[in-house]
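K.L.:
Sharing a model prediction with you, sequence too.
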Number of protein chains: 2
Amino acid sequence: MADQVLKRRDAERTKAEILEVATQAFAEDGYSGARVDEIAERTRTTKRMIYYYFGGKEQLYLAVLEHAYRGIREAEERLEVGDLGPVDAVRRLAELTYDHHVEHQAFMRLVAIENIHRGEGVRKLEVLRDLGKPAMEVLESILDRGIADGVFRADVDALDVHLLISSYCVFQVANQYTFGYLFDVDLLADGTRPRLRAMIGDVVVAWLAAPGR
Amino acid sequence: MADQVLKRRDAERTKAEILEVATQAFAEDGYSGARVDEIAERTRTTKRMIYYYFGGKEQLYLAVLEHAYRGIREAEERLEVGDLGPVDAVRRLAELTYDHHVEHQAFMRLVAIENIHRGEGVRKLEVLRDLGKPAMEVLESILDRGIADGVFRADVDALDVHLLISSYCVFQVANQYTFGYLFDVDLLADGTRPRLRAMIGDVVVAWLAAPGR
DNA sequence: GAGTCAATGTACTAAATGGTACGTTCACGG
DNA sequence: CCGTGAACGTACCATTTAGTACATTGACTC
């Protein structure tokens, strides 16, 4: 049978819809700020179903967190720097990471919220343990090549490079409001973004090319 | 009269105590997460006084925000790089900024919370408009000297340098939990911190010393 | 086509929460 | 020493909020 367009009952669909609305709600207002009633209202179904499928507000939040992180992992696995030389590869990786953060601002908000809660949520999600691995491996291979070629200093760790790039990219999204207000700039405006996007590549390449101490 | 040690009534003291407790509460749990009742309980006085002096939860939050930013400005104004050469000065500024962030983690949490709320709070506080100025001026003069000496490239803006340093320092405090969990490191541990503290100076100096494009 | 169980809706509750009405007390000036 | 107003406390209220008891509906099986 062709699947009915107007299925009256569809557990997966209902569950998915709740998850999606909840993601928006938690990303917008934080854990305490988000309201179960409001999430329910913005759904085709009722609050009853949230408790039926997820158990409670906290479990719903955890489900949102896990789902969001999974989605990000998938997106990150598509990060390909092609067969560029190490210098161009690291610059490209930085730019792609920048784009990635700008494109997933809702996720960045969830991460910020998680950190406000001291990471209690993520710590309950075993699945995320090796989430960072793929990106790290790409970076490691680029660094190895660069060191072998003698264009990168040998005393840097892949994690340090990742930390530097992440800091920069996360900050521009996560702190855009306070920074933007205090220094009267819009970090994500069309007139600013391309320069800032290129800048992190310059920084990382300059650092990697500098002689070690 | 010598001022009484056991003043039974002291508007300033009561107000200050509420503000302090509220700062802790909001920094810990966010705006929605913090509870007016709990703030009152942890005070020598009662909830009634919060409304008497501040008007409501939102105004209390704004008072906390303003007070915190003022305190930070004072701390930042003490940032002195002495009469070092431009390279050492910029490295020292980066390290002091790093220390500054590590030492004021509660403030960093408030900033993160403000950004979750898209900066609606700070925007209501005109007083903060030129908060960034002093730090920026110090940086500008260092850069000018470095460019004049020919040791820094001429195509960088002070704000860019500040952005880079801020990103790095803010991230390590603000995202320590999720980053630490995903990559199994403690960014602020005694064994890690000194290296990360030195690293941002290396990065900035390398970037500033690199030839412009 | 009757039985069965997952899926769903309605109406409700207990507790928490921001906020306030109203009364009291203390310090200080005249 | 007394009037007066700022500073403070108690008890309360109206709403909101997470969570649930109970009834119902519909899809699928035999």
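P.N.:
Good, I have the coordinates.

K.L.:
quick one: what helix or strand has A:Leu208 in it?
P.N.:
Per DSSP states H and E: A:Leu208 is located in helix A:193-209.

K.L.:
And that helix, what does it pack against?
P.N.:
helix A:86-103, helix A:158-174, helix B:158-174, helix B:193-209 (3 or more CB pairs under 8 Å, 6 or more residues apart in numbering or on different chains; DSSP states H and E). For the C-beta atoms, the positions are set from N, CA and C on the backbone; glycine is no exception.

K.L.:
Before we move on, what's the pLDDT of the closest residue to DNA strand C within chain A?
P.N.:
Closest to DNA strand C within chain A is A:Ala11: 3.1 Å, counting by CB to the nearest atom of the strand. Predicted confidence (pLDDT) for A:Ala11: 88.

K.L.:
Just give the number of residues close to A:Ala198.
P.N.:
15 (other CB atoms under 10 Å in any protein chain shown).

K.L.:
need the contact list for it.
P.N.:
Taking CB atoms under 8 Å, 6 or more residues apart in numbering or on different chains, we find A:Ala198 in contact with A:Glu95.

K.L.:
what's the distance between it and A:Tyr98?
P.N.:
A:Ala198 sits at a distance of 9 Å from A:Tyr98 (criterion: CB to CB, to the nearest Å).

K.L.:
How about A:Ala22?
P.N.:
The gap separating A:Ala22 from A:Tyr98 is 28 Å, by CB to CB.

K.L.:
now A:Leu62, what's its secondary structure?
P.N.:
helix (DSSP: H, G, I helix; E, B strand; the rest coil).

K.L.:
Kindly report the same for the one 4 residues further on.
P.N.:
Here A:Glu66 is recorded as helix under three-state DSSP.

K.L.:
Help me confirm that it comes into contact with A:Val127.
P.N.:
Yes - applying CB atoms under 8 Å, one finds A:Glu66 in contact with A:Val127, separated by 6.3 Å.

K.L.:
Which one of the two is surrounded by more residues?
P.N.:
Set A:Glu66 next to A:Val127 and count neighbours by other CB under 10 Å: A:Glu66 wins out with 18 against 11.

K.L.:
Quick check: chain neighbours aside, which residue is closest to that one?
P.N.:
Computed as CB to CB, 6 or more residues apart in numbering or on different chains, the closest residue to A:Glu66 that is not its neighbour in sequence is A:Leu125, at 5.1 Å.

K.L.:
Let me know whether that neighbour touches A:Leu65 as I believe.
P.N.:
Yes - with contact defined as CB under 8 Å, A:Leu125 and A:Leu65 form a contacting pair (6.5 Å).

K.L.:
Who has more neighbours out of those two?
P.N.:
A:Leu65 (23 against 16).

K.L.:
quick one: that one and A:Gly119 touch, right?
P.N.:
No - A:Leu65 is beyond contact range of A:Gly119, at 10.4 Å (criterion: CB under 8 Å).

K.L.:
tell me, what's touching these two both at once?
P.N.:
Here A:Leu65 and A:Gly119 have no joint contacts, going by CB under 8 Å, 6+ apart.

K.L.:
Please name the residues that touch A:Leu110.
P.N.:
A:23, A:26-27, A:64-65, A:68.

K.L.:
right, is the helix ranked longest in chain A up against chain B?
P.N.:
In chain A, assigned by DSSP state H, the helix with the most residues is helix A:11-33. Yes - counting by CB under 8 Å from any CB of the partner chain, chain B is contacted by helix A:11-33 at A:29-33.

K.L.:
Just the C-alphas of the helix holding A:Leu208, formatted as CSV.
P.N.:
Extracted in CSV, the C-alpha atoms of helix A:193-209 (Å, rounded to 0.1, in the frame of the first residue of the first chain):
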residue,chain,number,x,y,z
ARG,A,193,32.1,38.0,7.7
PRO,A,194,34.3,37.2,4.7
ARG,A,195,37.3,39.0,6.3
LEU,A,196,36.8,37.3,9.6
ARG,A,197,36.4,34.0,7.8
ALA,A,198,39.7,34.4,6.1
MET,A,199,41.4,35.6,9.2
ILE,A,200,41.4,32.5,11.2
GLY,A,201,43.1,30.6,8.4
ASP,A,202,45.8,33.3,8.3
VAL,A,203,46.3,33.1,12.0
VAL,A,204,46.6,29.3,12.1
VAL,A,205,48.9,29.1,9.1
ALA,A,206,51.1,31.9,10.5
TRP,A,207,51.4,30.1,13.8
LEU,A,208,52.1,26.7,12.3
ALA,A,209,54.7,28.1,10.0
